[in-house]
Each structure stands twice: as C-alpha cells, then as structure tokens.
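Trainee: okay, sequence plus prediction incoming.
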Amino acid sequence: MTAAPAPSAGILQQSQAQVTNAHEEIAPLSLEDPSTAEISEQVELPRLGSSVLYPDILPGVDLQYDTAGFNIKESIIVRAPQSSYTYHFRLSLNGLTPAEQEDGSILLKNAEGVSIYEIPAPNMVDATGAFSQDVTYTISEVSDGFLLTVTADADWIHASDRVLPVTIDPALVIITTKMQSGIITNFVDESDIYRPCYGSDMYVGSNYAYHYNGYIYIATLPQIPQNCSPVRATIEFFKMNYDSEGIDKFYGEIRPL
C-alpha cells in the first residue's frame, strides 16, 4: 500500500521508518504454566508481530503498520488538529477485485468471486479510549490499480472532550477458511448498549470513562465425527494493545443462541 495525501491534508513528508520486533523468535506461553502467574505475562506474547512506524508522514500525522501472521493493521495516528482527515491509499491488488459491503467493510475477491481478504469497517479511538465509527471508506478504480479513501469525521476529532492522539484504524485481514469467515466479533460500550461496534480489534475491559464488553458469534461449528465425544474446547486471544493495571482475571461466558 502506498500512501498519498488528500489535496487539503498537506504534502507527504519523507520519513525514516522505525521497526520493532524485526527478527526475534516467538516464545510460546501457557495459561496453565504456574511460572506465568501475572495476567500480563499470560496474554502478552513477546513476539506476536512486528511494527513499522513512519513518523510525520504528514505534519502532525504518523503512519504505523502492525503485522500479526498474515494480517496487517494500519494506524493513522493524528497527533495534531488537521484541516482535513481524508487519506488516500493506492492499492495494487494483483487480480483481486474490491467489493464494498453494507457494514462499511471491503472484501477483496478473486476471479471466481471467492473472498480472499477483508478490509474491516474502519473506526477511530482517542487517547482516553473514546471510540467512534464515524469513519468511512470509498474505493475507486484508477489507471494503476485502486484508490482507497479513508475519511474520518472532523467534528468528532475536534470535540472539546477529545484527547489527542486519535488513531484511525484500517486493517487488512486474510480470510483463510470457511470457519474463519463465519466468526463475527463486536463489542459494546455499556454507556450505549444498543450501538454495536465492529472493526479489526475487539475492545474489552474498562478505563476511567468507558467499559466495553466483547462478543464473539460463531456461525458454523466444526463437524464432530460420529461416535466421538468432545472432552475439551479452548478459545485463545492475543493482545494487540493491552494495559493490565488493576486487572487480575478475564471472565467469559459461552452460551447457544
């Protein structure tokens, strides 16, 4: 992906990339390992992914890429107020075709119409954890590929209670199996329980002003062969951004719908 500025957003600056976790090995941790008693040790893998930060790609704006497996999380980090919050990215899709979805996401499909990648619906969050889905995508075909335009709501960013930086969050997620494509996640702020929130991340827990509950819906369960009885099922999560202060346990509930 190549970033290109909106006409009113200033001129792209040359930036020196800062890379973290480039060549370290992943050391597996177990929740059943008594040596990892602290919850921060249980969920914070030492090398889940790598990050590349391009500081000041625009005046007052950083661009960061985080990788986890085949997935890429892109963060537009707005550190100072801007006249416009529209950002353009030129996509070279190598034969894939984008299809905009009603929920605001974009699917990238191959010639047979099979979805290979998903760009989940965008969102943004400020430094206090305030969350908004007032971000939109548009995508158009250009001579050398496709142009993805990300537009964030200026009124939300300029609100008097907003605390910078605001991170605008597009992502690219690979769809590897039918099972994976049948899993839906969202989270709900207890102050507005009728407004589900979607995106590439699931926020769970509390800070001083917000409390989020996360939900996972599995549409299709794996087939169990006849004459077999399940003896154990596990679900695993990996943290992308996490503060364990004041938290000693996670609580979850599984129930049929």
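Mentor: Received, thanks.
Trainee: wait, Leu147 touches Ser140, no?
Mentor: Yes: the pair formed by Leu147 and Ser140 meets the contact definition of C-beta atoms under 8 Å, at 5.2 Å. Using the backbone N, CA and C atoms, a C-beta is placed for each residue, glycine as well.
Trainee: so between these two, which is more surrounded?
Mentor: Between Leu147 and Ser140, Leu147 has the larger neighbour count (other C-beta atoms under 10 Å), namely 15 against 10.
Trainee: check for me that that one belongs to a helix.
Mentor: No: using DSSP: H, G, I helix; E, B strand; the rest coil, the assignment for Leu147 is strand, not a helix.
Trainee: neighbours around Val125, how many?
Mentor: Neighbours of Val125 (other C-beta under 10 Å): 20.
Trainee: residues contacting it?
Mentor: 131-132, 166-167, 169, 203 (C-beta atoms under 8 Å, 6 or more residues apart in numbering).
Trainee: and the two most separated of those?
Mentor: Within the contacts of Val125, two members stand farthest from each other by C-beta to C-beta: Val166 and Tyr203, at 15.0 Å.
Trainee: look up how far Gln64 lies from the residue nearest to Asp66 when sequence neighbours are not counted.
Mentor: Take Asp66 and drop its neighbours on the chain: the residue closest to it by C-beta to C-beta, 6 or more residues apart in numbering is Lys73, 4.4 Å away. According to C-beta to C-beta, to the nearest Å, Lys73 stands 8 Å off from Gln64.
Trainee: have a look at these two and say which one is more surrounded.
Mentor: Lys73 (21 against 18).
Trainee: looking at this, the more buried one is in a helix?
Mentor: No: read with three-state DSSP, Lys73 is strand and lies in no helix.
Trainee: that one contacts Ala171, correct?
Mentor: Yes: contact criterion C-beta under 8 Å: Lys73 and Ala171 qualify, at 4.5 Å.
Trainee: what's opposite Leu107 in the beta bridge?
Mentor: With DSSP bridges as the criterion, Leu107 is bridged to Ala99, Glu118.
Trainee: and it, how close does it get to Tyr117?
Mentor: From Leu107 over to Tyr117 the distance is 7 Å, taken as C-beta to C-beta.
Trainee: which residues in the chain form helices?
Mentor: Secondary structure of the chain (DSSP state H): helices at 39-43, 154-157, 178-181.
Trainee: mean confidence score for the second one?
Mentor: Averaging pLDDT along helix 154-157 yields 97.
Trainee: show me the shaky parts of the stretch 1-150 of the chain.
Mentor: 1-49, 69-70 (pLDDT under 70).
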